[in-house]
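> Structure for this input, please:
(4 chains)
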There are 2 protein chains.
Amino acid sequence: MTTPAYSTATNRTAANQAVTDRTATHRTPAAGTPPYSTELARLAALLADRTRAAFCLALLDGRAWTAGELAAYAQVAPSTASEHLTRLTEGGLLVERRQGRHRYLQLAGPHVAELLESLTAHLDPPQGAPRGLRAVSASAALARGRTCYDHLAGRLGVAITDAMTARGLVDQDGGFALTDAGRDWFTDALGVEPADLRTGRRPQARGCLDWTERRNHLAGTAGARLCDGLLDRRWVRRIGSGRAVRLTDAGAAALQELLGLDGAAAGLR
Amino acid sequence: MTTPAYSTATNRTAANQAVTDRTATHRTPAAGTPPYSTELARLAALLADRTRAAFCLALLDGRAWTAGELAAYAQVAPSTASEHLTRLTEGGLLVERRQGRHRYLQLAGPHVAELLESLTAHLDPPQGAPRGLRAVSASAALARGRTCYDHLAGRLGVAITDAMTARGLVDQDGGFALTDAGRDWFTDALGVEPADLRTGRRPQARGCLDWTERRNHLAGTAGARLCDGLLDRRWVRRIGSGRAVRLTDAGAAALQELLGLDGAAAGLR
DNA sequence: GAGTCCCTTCGGTACGCACCGAAGACTCGC
DNA sequence: GCGAGTCTTCGGTGCGTACCGAAGGGACTC
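As a prediction, the model looks like this:
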C-alpha cells in the first residue's frame, strides 16, 4: 500500500489514521499547507453567508445598529442573528457596544468598510434592468446622495469628486490622490488643518467605487472630513434616519462658489 | 398561529411550507432580502475554503499553473482539485486554457489580484515569531524580491517605490498616484510612452500592501510596466521557476543612476 | 495500437453550519 | 416588585459541500 503523493507523512495524526484510515474524508488541520490560505479562508467565510453579508452591507452606512434591527433587516430569527453577530465580532469585522438591553453593532473601522467596498466592487455587473428599475424607483434619494461609511457617495459624492478633480484638487490621472492645492482647499474652504488630514496609516485620499454611479468618489481621511464639514455647516442634511442625504439651498450655493459645481445641472436637487 | 415578524408572507413558497412547516430549517432563496447580499456571499464563498484559497494565493504570482501542480501544492487529490478549479472558473476568479492533456489556470485579471490583495491585507497580523522564523529562513529570497501578479514586491518593490516617492515621481502623501514627473520618468528612463500607462479603467498607480514589508509598493499599470521594463533589460531576473526575483549587477547600477537607489544599503543584494 | 499521463465524472461519506423554537439572563419602566 | 422587551444559550434538524477512490475519456509517446 503506497501513500498518495498529495498525502504527506505529516498530513495526518496517528489517531486520525486509526479512525479514518480507509474512508478518509475531511482533511485534518494539516501541517504543511501553504501559508495564509487558512487565514484567508477564515476571513472569507465570515462573509460567505447571505445573512452575515446582509448585516455587513447594512452596517456600511457607518452607523450602529441593534441586533434586533439587523435581524429584522435580514429576515432571520433573533437567535440566528445573535449567533452571526457574535461570529462577525469575534472575527474582527464588527465591534459591539452594550448599552442597557441593547447590543449596538458597528463596523470595526474604515478598514472593514474598505474591505467590503473592494469586494462589492468586484461583484457581477448590477444585474441589468429588472432589479435596476425597482431599485432605482424605490430609492431615487439614495442614488442622488448618501453616506458610504464616513464619506459621501451617490451622484452627490461623485459630482463633488469630479468638481475637485476638474479644479486640480484631486488627481485621478495617475491614481487617486489629494494634491497640494487640494490640501490648501481643505484649509481655506472647510477650515480643516493639514494635520487633521493625516491620521495614522489611513490614506488621505482614496477612490471608492460608487455602487450606483460606477465611478470613483472621494474616500479616505479627506472624504471623511469633507462629509463632516458639509454636515456641520448644514450644507448637506440627512433624510430621515437612513443613509440618504440631500443638498440644502445653502449647500448648493456654497458648492457653486467653492467648486463651481452647479447642483441643478448635476441632478442633485 | 401567528407568523413571526421576520418571516414575511413571500418568504416561503407554498410547497416548502407543506414540507417544512413545523421544523423550518434552511431559509428559502428569499424574495425580500437586501440587495447584493446574496451576490457578496457567493463571491466570498469562493474563497471561504482553505484549498481554494491556497489555489488563488499560489496563482497570485501571475503565471499559469496546471491543475495537477495546484493539487500537489494544496495537498489534495486531483479529483478534488478539479472540482474546486471548475468552481473558481465558473465564479469568474480564474480563467483556463486547455492545451493538450493539461489544463492551465490563471487569475482572471488584475482585478482578481487586487481583490486578493485587499483581502490578504486585512488578515491578522503576520502571526508573530514561530511562523515568521520558519517562513523567513525558508524564503529569504522571496522577502528580498518577488513578483506580485504583474509587478514587483518584497524589499525590492518597496525600495523602488520609496525611491520614486523621494524623487517626487510617486505621491504617497495625498493617497497614491503617479505624478507628472513620474510619467516623464517612465518615458525617459524606460521608454514607456504615456499612452502605454493608461489602459482602460485600470489605475495607473495603485498602492499594494506588501506581505513581508507591510508597506506599499507600486502596482497598477505603471507597476506592471516597471516590472516588464526591468525584466526586459535584465536588470531583474527570475530565480528558478518561482516568483522570486533578484537584482542583477547591471540592475543595481541602473537603479543607482535612475533613482539614486543604493541596492546594497537597501538589503537587496 | 498499446501504454502512459492528465484530468474529469461519479458515488459515497461525514462534517460544518444556518436555521428555528423554547427557555433563560438581563435591563428597563411602571 | 412585576411585566415587557432585548438578547443569548441550547438542543435539534437537515442541507451543502469537501473529500476520497475508482473508473473513464482524451492526448501525447513509442
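> now the strands for the stretch 151-269 of chain A?
Taking DSSP state E, counting those that start in this stretch as the test, the strands found in the stretch 151-269 of chain A are A:151-153, A:170-171, A:175-178, A:206-209, A:216-219, A:236-238, A:245-247.
> Neighbours of the residue in the stretch 101-250 of chain A positioned nearest to DNA strand C, how many?
The nearest approach of the stretch 101-250 of chain A to DNA strand C comes at A:Arg101, 4.2 Å away (C-beta to the nearest atom of the strand). (Each C-beta comes from the backbone N, C-alpha and C, glycine too.) As a burial measure, A:Arg101 scores 7 neighbours (other C-beta atoms under 10 Å in any protein chain shown).
> just so I know, which of the strands of the stretch 151-269 of chain A lies nearest chain B?
Among those, strand A:175-178 comes nearest to chain B, with 3.3 Å by C-beta to the nearest C-beta.
> Report the distance from the closest one to the chain centre.
Relative to its parent chain, strand A:175-178 has a centroid offset of 19 Å by C-alpha atoms, centre = their mean, to the nearest Å.
> Ok, stretch A:111-125 next?
Centre to centre, stretch against its chain (C-alpha atoms, centre = their mean), the figure for stretch A:111-125 is 7 Å.
> same question, stretch A:42-62
Using C-alpha atoms, centre = their mean, the offset of stretch A:42-62 from its chain centre is 10 Å.
> Could you list the buried residues of it?
A:43-62 (16 or more other C-beta atoms under 10 Å in any protein chain shown).
> Quickly check: it near chain B or not.
Yes. Applying C-beta under 8 Å from any C-beta of the partner chain, one finds stretch A:42-62 touching chain B at A:43-54, A:56-58.
> Pull up the gap between the residue of the stretch 101-250 of chain A closest to DNA strand C and A:Gly68, please.
10 Å (C-beta to C-beta, to the nearest Å).
> what's the answer for A:Gly260, then?
46 Å.
> Of these two, which one has the most company?
Here A:Gly260 and A:Gly68 are compared on neighbour count by other C-beta under 10 Å; more neighbours surround A:Gly68, at 16 against 10.
> quick one: contacts for the nearest residue to that one once chain neighbours are set aside?
By the measure of C-beta to C-beta, 6 or more residues apart in numbering or on different chains, the closest residue to A:Gly68 outside its immediate chain neighbours is A:Pro78, 6.3 Å from it. Taking C-beta atoms under 8 Å, 6 or more residues apart in numbering or on different chains, we find A:Pro78 in contact with A:67-68, A:71.
> what about A:Asp61, which SS state?
Recorded secondary structure, A:Asp61: coil (DSSP: H, G, I helix; E, B strand; the rest coil).
> Which residue is the nearest non-sequential neighbour of it?
A:Arg243 (3.8 Å).
> so that neighbour touches A:Tyr149, yeah?
No. A:Arg243 is beyond contact range of A:Tyr149, at 9.5 Å (criterion: C-beta atoms under 8 Å).
> shared neighbours of these two, which are they?
In contact with both A:Arg243 and A:Tyr149: A:61-62, using C-beta under 8 Å, 6+ apart.
> Show me where chain A dips below the pLDDT cut-off.
A:1-34, A:124-138 (pLDDT under 70).
> Pick out the residue closest to the middle of it.
A:Ala113 (3.0 Å; C-alpha atoms, centre = their mean).
> and the gap between that residue and DNA strand D?
As defined by C-beta to the nearest atom of the strand, to the nearest Å, A:Ala113 lies at a distance of 22 Å from DNA strand D.
> Secondary structure of that residue: a strand, I assume?
No. Looking at A:Ala113 with three-state DSSP, it is helix, so not inside a strand.
> Correct me if wrong: it contacts A:Gly62.
Yes. Assessed by C-beta under 8 Å, A:Ala113 is found in contact with A:Gly62 at 7.3 Å.
> Quickly list what's touching both of the two.
A:107, A:148-150.
> returning to what we had before: just give the closest residue to the residue nearest to the centre of chain A, not the sequence neighbours.
Nearest non-adjacent residue to A:Ala113 (C-beta to C-beta, 6+ apart): A:Tyr149, at 3.7 Å.
> who's in contact with the one you found?
Applying C-beta under 8 Å, 6+ apart, the residues contacting A:Tyr149 are A:60-62, A:107, A:110, A:113, A:219.
> and if you look at A:Ala71?
Neighbours of A:Ala71 in contact, by C-beta under 8 Å, 6+ apart: A:77-78, A:80-82, B:6.
> Mind picking the one among these that's closest to A:Ser139?
B:Tyr6 (21.8 Å; C-beta to C-beta).
> ok, the residue nearest to A:Ser82 when sequence neighbours are not counted - how many residues close by?
Leaving aside its chain neighbours, A:Ser82 sits nearest to A:Ala67 (6.0 Å; criterion: C-beta to C-beta, 6+ apart). Residue neighbour count, defined by other C-beta under 10 Å, stands at 19 for A:Ala67.
> Residues of the stretch 101-250 of chain A that sit close to chain B?
Close to chain B, as judged by C-beta under 8 Å from any C-beta, the stretch 101-250 of chain A has residues A:111-112, A:114-116, A:118-120, A:122-124, A:131, A:135, A:171, A:173-180, A:182-183, A:203-207, A:220, A:222.
> Show me which of these are buried.
Here, 16+ other C-beta under 10 Å leaves A:111-112, A:114-116, A:118-120, A:122, A:135, A:171, A:173-179, A:182-183, A:203-207, A:220, A:222 buried among these.
> what's the nearest residue to A:Arg269 once chain neighbours are set aside in contact with, if anything?
Spatially, and ignoring its direct neighbours in sequence, A:Arg269 is nearest to A:Gly263 (5.1 Å; C-beta to C-beta, 6+ apart). A:Gly263 makes contact with A:159, A:247, A:251-252, A:255-256, A:269 under the criterion C-beta under 8 Å, 6+ apart.
> Spell out which parts of the stretch 101-250 of chain A neighbour DNA strand D.
For the stretch 101-250 of chain A, the residues found near DNA strand D under the criterion C-beta under 7 Å from any atom of the strand are A:101-103.
> Quick one: those residues as TSV, columns for secondary structure too.
Below are these laid out as TSV (three-state DSSP):
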residue	secondary structure
A:Arg101	coil
A:His102	strand
A:Arg103	strand
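> Single out the residue in the stretch 1-150 of chain A that lies closest to DNA strand D.
A:Gly68 (2.4 Å).
> Kindly tell me how buried A:Leu142 is, as a neighbour count.
19.
> whoops, A:Thr199 was the one
A:Thr199 has 13 nearby residues by other C-beta under 10 Å.
> Would you state the strands of the stretch 1-150 of chain A in chain order?
Under DSSP E, counting those that start in this stretch, the stretch 1-150 of chain A gives strands at A:65-66, A:94-99, A:102-107, A:146-148.
> So for B:Arg87, which of those sits nearest?
strand A:94-99 (28.3 Å).
> list the buried ones in that closest one?
Buried-residue list, strand A:94-99, by 16+ other C-beta under 10 Å: A:94, A:96.
> which strands and helices sit next to that strand?
Helices and strands touching strand A:94-99, by 3 or more C-beta pairs under 8 Å, 6 or more residues apart in numbering or on different chains; DSSP states H and E, are helix A:50-59, helix A:78-90, strand A:102-107.
> Which residues does that strand contact?
Residues contacting strand A:94-99 (C-beta under 8 Å, 6+ apart): A:55-56, A:59, A:64, A:85, A:88-89, A:103-109, A:112.
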